[in-house]
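S.K.: here is a sequence together with a model predicted from it:
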Amino acid sequence: MTTYRVPGRGRVLHNRPVSFTFDGTTYQGLEGDTVASALIANGVQLMGRSFKYHRPRGPIAAGSEEPNALIGTRRGKGRFEPNTRATVQEIWDGLETNSQNKYPSLKFDIGAINDRAYMLFSAGFYYKTFMWPRSFWDKYYEPFIRAAAGLGVSPTEPDPDNYASRYLHTDVLIVGAGPAGLASARAAATAGLRVTLVDENSEPGGTLLSEPQAQIDGKPAWDWLSAELDALIDLGIRIMTRTTAIGYYHQNMIGLCQKLTDHLENPAEGAPRERMWRVRAKQVILAQGALEKPLVFDGNDRPGVMLAGSAQTYLNRYGVRVGDTAVIVTSHDSAWYAAFDLASAGTKIAAIVDTRPTPNADLVKEADARGITVLAGYTATGTSGRLRIKSVRVNKVENGKVLGAQTIACDSLLISGGWTPTLHLFSHTKGSLKWDDETQTFLPDRITEDCQIAGAGRGLWGISAAINDGAAMGAAAADALGKSVTAQTISVEDDRPGTGESHTELPTDGDPGRAKAFVDYQNDVTAKDLRLAVREGMRSIEHVKRYTTNGMATDQGKMSNINGLNIAADALGKKQPEVGLTTFRPPYTPTSFGAFAGYHKGEHFEVTRKTPIDSWAEENGAVFEPVSLWRRAWYFPKDGEDMDAAVRRECRETRKSLGMFDASTLGKIEVVGPDAVEFMNRMYTNPWTKLAPGRTRYGLLLGDDGYIRDDGVIGRLTDDRFHITTTTGGAARVLNMMEDYLQTEWPDLKVWLTSTTEQWSTIALNGPNARKLIEPFVEGLDLSDAAFPHMSIAECTVAGFPARLFRVSFTGELGFEINVPSRHGRELWEILFEAGQQYDICPYGTETMHVLRAEKGFIIVGQDTDGTVTPYDAGAGWAIGKNKTDFVGMRALKRPDLTADGRKQLVGLLTEDGVSKLEEGAQIVLDPNQPIPMKMVGHVTSSYHSDAVGRPIALALIEGGHGKTGETVYIPMPDKTIKATITSTTFYDPEGARLKL
Amino acid sequence: MTAHVDLNGACTLATSSAAHVTLLDPVARFSLRAGDGERAALSKALGITLPGKIGQCARDDSVEILCLGQDEWMILAPKDQSVKIKAACEGIYGDAPHSLTEISDREVAIQITGDKATDLITIGCPRDPDMLPVGEARRTIFDGVSAILWRDGKDEYRLDLWRSFAPHVISLLKTGCSELAAE
């Protein structure tokens, strides 16, 4: 262990050493360390290279706001993650980490040439540098920008980890388990409420972890914390650590990302890595605290430069001194305490440099007593040291004049520009902020959700102020929920309240135009970039942000936004609120894709609906295709067959003898009630009044715009009961549309709709032997053509199963559709398949179904229609009841546009050569020799090889097509132009003789 | 791709120290729809008063009737009562028109029990389980799938799911069952 580790200090376990690697070197830390604290303990401050200039960087913070120390971590095969914050990642034996954005090594990086050429990379350099010549864009500039974009390397292997998610309902959700959060949790729980307390850190306590000197209710802070946590757990509070509230959404829905295994050496096999909690809270208390601001001056980014509060955290929480010789440059009292704590732990404080001419007298007295040099009314104007800071240059400022410099040697420079309330989540709610002149920061103003803001998040400073505000806000939340509780007063001794001043960049005696005074460390934005943006015409902070990229890195400007605003406002000569504030958006900190995906990966990626017969199809070698959420058997290839061969065989065998098809996915709706027939008349274009029970009819459903929405065969079971079938993809949509009309337009109708899609398994049998196959199995029904003609329906039993039997055909062959309760679907299928062997029964899939129906000119809604096709366009005018007074879409069908000549109409196409199969979607022209762009008159909607017809067939929508039968059209393709003739849409058995068996 | 699950008979789907997930045997199910005016007649015919509040359930020894909407009820009964229920409703159809539609095969039921049954429900269901009293049920969603969630006891739930969506839900319940046991 090195001299930077302070024996016995902090919350790390000094008797539990942990080994890990950084860039291939093994380091030892302690259990409880982060990568950053362990490396600092080993004297390593250099942890990365900056994004644009490749400047050497080390951690500037100790928490999730860290912009510099972004590393790659590897937790075994496939478990590489770039851009992990070294200040958050806990170490364990065997953890592998590496630095980023360097080549060939972290200490010598060729990309650092950018730092020398920094004048080229000023604000808006993308727009300027890469402007000319135009021809360079594709080959040089764009690849360069793409290569330079982003930090770290994307993982290349599939992520083997599991991710989980849960819903949580709680009365009060408290974000942040610091003094304010802890106190509000107790108040709300005392009121008997369900309370959830979350914190992104590995343990609760917040500031208390960094300020053990405080005495709370007479106990040392850490003793109080430990006892209080026990008490809160006894009160039933759910406490979640390593849990970041990433987003605050409408109506108190908060997303929490809980990290479960990244800190473990041996996570349980299969244990989820992260869990996304979707929380609905009746009240939210935001107790997120405040983030320290850096001071902006030349060289404020060297390794060894760190926020003073973070140095205090490294010392008190992790037992690590950040250096041997430290200089403090501050404009806030808080940094003085960091100096005192470090001095007590053995670090030499070379000087406390305060920008204020007269700092707090008590602090000066304490410094004097410790023999620490105090330089009041000073500025910092530069630093030296390549891979770690060696010295800082400071100058006295008098009457606005920067006087001569003195250089102070150091290995650590601790800076503080004051504190910014963390209002990211509040900002997600669109709650408004107001500028506070005294503290020079934005504070919460108008609250739009059921939430309270407690503690440093609303500008209160010191443990006493925060903890008592937390108790009050907890009581306020309880009060809002109708529970009364009196907030306890909590006494705090040895507190460290303080005040400070806010600055733009610090005054300098050098050329401000050459100063590398960083505002946004992660995106390498300097103060001069911001001033340049204003000089070049940017007026709103939103424009300045986009032009300079200030605050646009993954840290979302946690450190840079407020300094950026101060500088932009100064450059514009306006007050900060007039320049505006950018909006924070979820997530609060970078969140893995896995956490968002949750369980939805692999087999569980998305719902795949399967019919009861699907398993048979799978066992029998079916190839499947997705149809809406269903997967359907597409075709059943036999040995060595490709799709074309399999489909042609299935078509041939079905027309020759018998085919069987799983039609279970067809949507089914049962319409029941005394007004059922009236409802049917109003919904569908067809007339239903005279359809007798036991008969079926093809029904056409339009939208109120007159265009075809759905179709299907509908059976009338009794006077008051219809069995509707819909398209597979349209089932839910059609039911919704019907319910919509029923509930909003016709609530007077006594009719009710029930989805029965999944009640029935449907087996379609088609082919000349269809009746022969089922006749022996059917009881209670005469299946003869005379007794049960085409378009009939009956209830009967089939193979002993209760069934609804349709005589119907979507192929042009003799056809039946047997509906049996779903549980019997597969069993009946197997019985029929077995019995059908004598007829060479052929199971076929959706592709054959498509071919067979196209040969008959039956349309597929959504393939041959596209939402702009009327029944007349589709050649289905016959399906409109001529004497009907109303149905959905009837009025629209009379619109001039829908009755005009030249509408695209569905026709058949036969290619002239008799062998070319047209491409579905191909455009059609009348004259192939016209100049490009040609006038396109339509497109091919369906196209197949047809053995039954003996040549390829196609359906197409063509302008005025119904009047062009026999005319020639042309389909230009990349390699040739195909000539085709317009025909009827019925290619096969136009007389329908094959149905009359 | 969701895995195949045989849905035709009762079986254990997943079990752990946290929870037990069981597929229940099929029962007779009907969707009953009727207006306000017909409720009394239907209650009389069925011998059970149709509950009037959405989510409320009425039951006798063998039949459960759940109110799912202002004009919608779900009736569950042993298979052998199916004919009786149909006949009872048909008998009053003329005077009290309604829709009784059999959906016994549309849905399957999954029982979830065990110490962490409630936690398992929260893996997929966005409702607050504390707001679902024992003996009641709610139409809700589970992992994006429409479901009826019954609370039969403090740590005892039932999920009614449409048949083709059930394997997806079962897959998540299996994952959750072992995830909760490992906690």
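M.R.: Received, thanks.

S.K.: which residues touch the longest strand anywhere in chain B?
M.R.: When chain B is parsed with DSSP state E, its longest strand is strand B:145-153. Contact with strand B:145-153 is made by A:607, B:57, B:66, B:68, B:74, B:111, B:113, B:121, B:125, B:127, B:129, B:132-142, B:157-162, B:165, B:168-169, as judged by C-beta atoms under 8 Å, 6 or more residues apart in numbering or on different chains. Placement of C-beta: from N, CA and C, glycine included.

S.K.: kindly report the same for stretch B:58-67.
M.R.: Stretch B:58-67 is contacted from outside by B:32, B:46-57, B:73-78, B:81, B:85, B:137, B:148, B:150, using C-beta under 8 Å, 6+ apart.

S.K.: again, only this time at 7 Å
M.R.: For stretch B:58-67, contacts defined as C-beta atoms under 7 Å, 6 or more residues apart in numbering or on different chains pick out B:47-57, B:73-78, B:81, B:137.

S.K.: then stretch A:836-855?
M.R.: Identification of contacts with stretch A:836-855 by C-beta under 7 Å, 6+ apart yields A:620, A:622, A:625, A:627, A:632-636, A:643, A:647, A:650-651, A:653-654, A:657-661, A:769, A:772-773, A:810-812, A:833, A:860, A:942, A:944, A:946, A:948-949, A:953, A:955, A:987-988.

S.K.: any of those residues buried? List them.
M.R.: Taking 16 or more other C-beta atoms under 10 Å in any protein chain shown as the criterion, what is buried in the contacts of stretch A:836-855 is A:622, A:632-636, A:647, A:650-651, A:653-654, A:657-661, A:769, A:772-773, A:810-812, A:833, A:860, A:942, A:944, A:946, A:948, A:953, A:955, A:987-988.

S.K.: spatially central residue for the chain, please.
M.R.: Because you didn't say which chain, this covers chain A. Nearest to the mean C-alpha position of chain A, by C-alpha atoms, centre = their mean, lies residue A:596 at 5.9 Å.

S.K.: my bad, chain B
M.R.: What sits nearest the mean C-alpha location of chain B, by C-alpha atoms, centre = their mean, is residue B:160, with 4.0 Å.

S.K.: which residues does the spatially closest residue to that one that is not a sequence neighbour bridge with?
M.R.: Spatial nearest neighbour of residue B:160, chain neighbours left out: residue B:148 (4.0 Å); criterion: C-beta to C-beta, 6 or more residues apart in numbering or on different chains. On the basis of DSSP bridges, residue B:148 is bridged to residue B:139, residue B:160.

S.K.: around chain B, pick out the residues from chain A.
M.R.: Contact residues, chain A versus chain B (C-beta under 7 Å from any C-beta of the partner chain): A:164, A:166-169, A:268, A:271-272, A:278, A:599, A:603-604, A:607-610, A:615, A:670, A:672-674, A:750, A:752, A:754, A:756, A:758-759, A:821-823.

S.K.: out of those residues, which are buried?
M.R.: A:164, A:166-169, A:271-272, A:278, A:599, A:604, A:607-610, A:670, A:672-673, A:750, A:752, A:754, A:756, A:758-759, A:821-823.

S.K.: what number of residues lie near residue A:110?
M.R.: Residues lying near residue A:110 (other C-beta atoms under 10 Å in any protein chain shown) number 11.

S.K.: wait, it sits on residue A:103?
M.R.: Yes - using C-beta atoms under 7 Å, residue A:110 makes contact with residue A:103 at a distance of 5.6 Å.

S.K.: now the longest helix belonging to chain B and strand B:145-153, what's the angle there?
M.R.: Counting residues, the longest helix in chain B under DSSP state H turns out to be helix B:166-182. Interaxial angle of helix B:166-182 relative to strand B:145-153 (axes from the mean of the first three to the mean of the last three C-alpha atoms, to 10 degrees): 50 degrees.

S.K.: one step back: tell me the mean pLDDT over the longest strand of chain B?
M.R.: For strand B:145-153, the mean per-residue pLDDT is 98.

S.K.: how about that strand: buried residues?
M.R.: B:145, B:147-152.

S.K.: nearest to chain A, of those residues?
M.R.: Nearest to chain A among these: residue B:145, at 6.4 Å, using C-beta to the nearest C-beta.

S.K.: for stretch A:852-861, measure first residue to last.
M.R.: End-to-end distance for stretch A:852-861, by C-alpha to C-alpha, to the nearest Å: 16 Å.

S.K.: tell me where chain B has helices.
M.R.: B:39-46, B:82-92, B:117-122, B:166-182.

S.K.: let me see the contact set for residue A:302.
M.R.: Shown in contact with residue A:302 (C-beta under 7 Å, 6+ apart): A:383, A:385, A:388-389.

S.K.: tell me, how many residues neighbour the nearest residue to residue A:308 once chain neighbours are set aside?
M.R.: Closest residue in space to residue A:308, ignoring its immediate chain neighbours: residue A:335 at 3.5 Å, by C-beta to C-beta, 6+ apart. Look at residue A:335: counted by other C-beta under 10 Å, it has 30 neighbours.

S.K.: mind telling me what element residue A:335 is part of?
M.R.: Assigned by DSSP states H and E, residue A:335 falls within helix A:334-344.

S.K.: so where's chain B uncertain?
M.R.: Counting by pLDDT under 70, chain B contains low-confidence residues at B:1.

S.K.: which residues of it lie near chain A?
M.R.: Counting by C-beta under 7 Å from any C-beta, the residues of chain B close to chain A are B:1-4, B:8, B:26, B:31, B:33, B:35, B:97, B:99, B:101-106, B:122-123, B:125-126, B:128, B:130, B:144-145, B:162-165, B:168, B:171-172, B:175, B:179, B:182.

S.K.: from these, which would you call buried?
M.R.: With burial judged by 16+ other C-beta under 10 Å, the buried subset of the residues of chain B next to chain A is B:2, B:8, B:26, B:31, B:33, B:97, B:99, B:101-106, B:122-123, B:125-126, B:145, B:162-165, B:168, B:171-172, B:175, B:179.

S.K.: rewinding a little: got the helices of chain B as CSV, with distance to residue A:564 columns?
M.R.: Putting the helices of chain B into CSV (distance: least, C-beta to C-beta, whole Å) gives the following:
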stretch, distance to residue A:564
helix B:39-46, 66
helix B:82-92, 72
helix B:117-122, 42
helix B:166-182, 44
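
S.K.: quick check: which of those is nearest to residue A:288?
M.R.: Nearest of these to residue A:288, taken as C-beta to C-beta: helix B:117-122 at 25.5 Å.

S.K.: give the other helices and strands that the closest one contacts.
M.R.: Under the contact criterion of 3 or more C-beta pairs under 7 Å, 6 or more residues apart in numbering or on different chains; DSSP states H and E, helix B:117-122 touches strand A:162-175, strand B:156-162, helix B:166-182.

S.K.: so what secondary structure elements neighbour the shortest one?
M.R.: In other words, strand B:156-162. Using 3+ C-beta pairs under 7 Å, 6+ apart, strand B:156-162 is in contact with strand B:107-113, helix B:117-122, strand B:145-153.

S.K.: next one: the last one
M.R.: Using 3+ C-beta pairs under 7 Å, 6+ apart as the contact test, the elements touching helix B:166-182 are strand B:11-15, strand B:20-23, strand B:107-113, helix B:117-122.

S.K.: adjacent strands (with direction) for the longest one?
M.R.: Looking at strand B:107-113 with DSSP bridges, its paired strands and their directions are strand B:20-23 (antiparallel), strand B:156-162 (antiparallel).

S.K.: figure out how far it is from the centre of its chain.
M.R.: Computed by C-alpha atoms, centre = their mean, to the nearest Å, the chain-centroid distance of strand B:107-113 equals 8 Å.

S.K.: quick one: contacts for residue A:552?
M.R.: Residues near residue A:552 by C-beta under 7 Å, 6+ apart: A:523, A:545.

S.K.: tell me the contacts of the closest residue to chain B within the stretch 251-400 of chain A?
M.R.: Across the stretch 251-400 of chain A, the shortest distance to chain B (C-beta to the nearest C-beta) belongs to residue A:268, at 5.2 Å. Residues near residue A:268 by C-beta under 7 Å, 6+ apart: residue B:182.
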